[in-house]
Structures are given as C-alpha cells and as structure tokens.
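Colleague: heads up, no residue letters with this:
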C-alpha cells in the first residue's frame, strides 16, 4: 500500500507542479480535487503515521469535499483556493523539513492553518503568482515525498534525514515548476470563459 501511496503522491504532485494555474482556468474542479486529495494524504500520514489505506481514504474524502465546494462556492472560488492552497503549502513545508511528526503530528496541521489564513488574505492581491508559487513548491514536495515512499532506502529522496541534496532537488523542481507555469501563464488565462475577471497580476 505504501507503493500505491507513493505513486499517487508523485502523479498528483507532478500535475500540480506543472499545471496548477492551467487547471484553475481550464479544469477548476480537477484542481480542487487534486489539492483536497493531497491534503488528505499528507494529513493522514502526519496525524496517523500511516502511508496506507487510511491516508488514501482521507485523501479521497478531501478530493470529494473540495471538488463539491468548487461548484457550491463558485463565487468564492479564488478565496477557497487561497485557503486550501495555503493549507497544502503549510503541510508541504512541514514535510520538506521533516517537521510534520512534531507534537504528535499536529505541528504540520498548525502550520497548515496559519498558511491557509495567509493564503486567504493574499490570494486576491497576487492571484496568478500566488497559484504558481504554491503549486510549484507543494507539487515539488509531493513528488519528493512520493519518491521517498517508493524508495525508502534511497537517501536522495529523504528530506527528513537531514541531507542537503534532497532539499536542493526539491528546490530545483519548484523553480522549474514556477518557470514553466509563468512562461505559459498568459496563454492559460485566455482559456477562461470571461476575460474581464483576469487578475491584475496577469495583465501586468
């Protein structure tokens, strides 16, 4: 089951890393579902110390909840994405530094709540760059976390082990994700049905 967990982490992480902003403008419910799924995976692993069926089930519940919210709370979709994206970023930040196990697993949750509040406050001001930034970083962490679960004995993917190289690789992946999304930003924004709502970041 740990193999399935790791594979799901890598696949969803790559999707968020490379197409976070595109998914918002073209396939909004899919982005919310991916974010909810990964939040559930990280929460399940952090709080229950389980990289198996419990974490995956929590991930499925998170995917369904955020996917439904993307329809039911459509007028507030940017705020919702800011909060949920910030939440995922906080969990990812705790994971990348190996801090998700502190306080019985609740440190990652507390950090996620703080980042979720900050995300909700700043998302409307710098929306496109906010989405690109958190999706690239969170996606990179998810890919590395999944790789670590697939190959637990390989230090190259063990960020919590204190080695510098895994952190450097995570950083390189995040930068690559930012570059790729930013270079395609204007093209993806044009896919939305109503261009008048394009954010100020995209217009500049």
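Modeller: Yep, it's here. None of the values given here were measured: they were computed from a predicted structure.

Colleague: which one is the residue nearest the centre of the chain nearest to, not counting chain neighbours?
Modeller: Most central in the chain under Cα atoms, centre = their mean is residue 138, positioned 4.0 Å from the mean C-alpha point. Of all residues not flanking residue 138 in the chain, residue 92 sits nearest, at 4.3 Å (Cβ to Cβ, 6 or more residues apart in numbering). From N, CA and C alone the C-beta is placed, and that goes for glycine too.

Colleague: counting contacts, what elements does the particular helix or strand that has residue 176 in it pack onto?
Modeller: According to DSSP states H and E, residue 176 maps onto helix 164-183. Contacts defined by 3 or more Cβ pairs under 8 Å, 6 or more residues apart in numbering; DSSP states H and E place helix 164-183 against helix 2-26, helix 127-150.

Colleague: For the longest one, list every residue counted as buried.
Modeller: Read that as helix 2-26. Burial within helix 2-26, assessed by neighbour count using 16 or more other Cβ atoms under 10 Å, is assigned to 5-6, 8-10, 12-25.

Colleague: Could you tell me the angle between the helix or strand that comes right after that helix and helix 127-150?
Modeller: Next helix or strand after helix 2-26 toward the C-terminus (DSSP H and E): helix 28-48. Calculated by axes from the mean of the first three to the mean of the last three Cα atoms, to 10 degrees, helix 28-48 forms an angle of 50 degrees with helix 127-150.

Colleague: Pull out the buried residues from helix 28-48.
Modeller: Buried-residue list, helix 28-48, by 16+ other Cβ under 10 Å: 28-47.

Colleague: hang on, the earlier thing: what's the offset of the helix or strand that the helix holding residue 176 is followed by from the middle of its chain?
Modeller: Next in sequence after helix 164-183, counting helices and strands by DSSP H and E, comes helix 185-189. Between the centre of helix 185-189 and the centre of its host chain there is 20 Å, according to Cα atoms, centre = their mean, to the nearest Å.

Colleague: Could you do stretch 47-64 as well?
Modeller: With Cα atoms, centre = their mean, you get 15 Å for stretch 47-64.

Colleague: swap in stretch 72-81?
Modeller: 17 Å.

Colleague: So which bits of that stretch are buried?
Modeller: Per 16+ other Cβ under 10 Å, stretch 72-81 contains these buried residues: 77, 78, 80, 81.

Colleague: before we move on, back to that, of all the helices and strands packed on helix 164-183, which lies closest to residue 53?
Modeller: helix 2-26 (8.9 Å; Cβ to Cβ).

Colleague: Does anything pack onto that closest one? Which helices or strands?
Modeller: Using 3+ Cβ pairs under 8 Å, 6+ apart, helix 2-26 sits against helix 28-48, helix 53-72, helix 127-150, helix 164-183, helix 185-189.

Colleague: Columns mean pLDDT on top of those helices, output as CSV?
Modeller: Shown next, in CSV, are those (pLDDT from 0 to 100):
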stretch, mean pLDDT
helix 28-48, 81
helix 53-72, 82
helix 127-150, 85
helix 164-183, 89
helix 185-189, 82
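
Colleague: For my notes, please list the ones you listed in TSV and give distance to residue 109 for each entry.
Modeller: Shown next, in TSV, are the helices and strands packed on helix 2-26 (distance: least, Cβ to Cβ, whole Å):
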stretch	distance to residue 109
helix 28-48	7
helix 53-72	12
helix 127-150	16
helix 164-183	21
helix 185-189	32
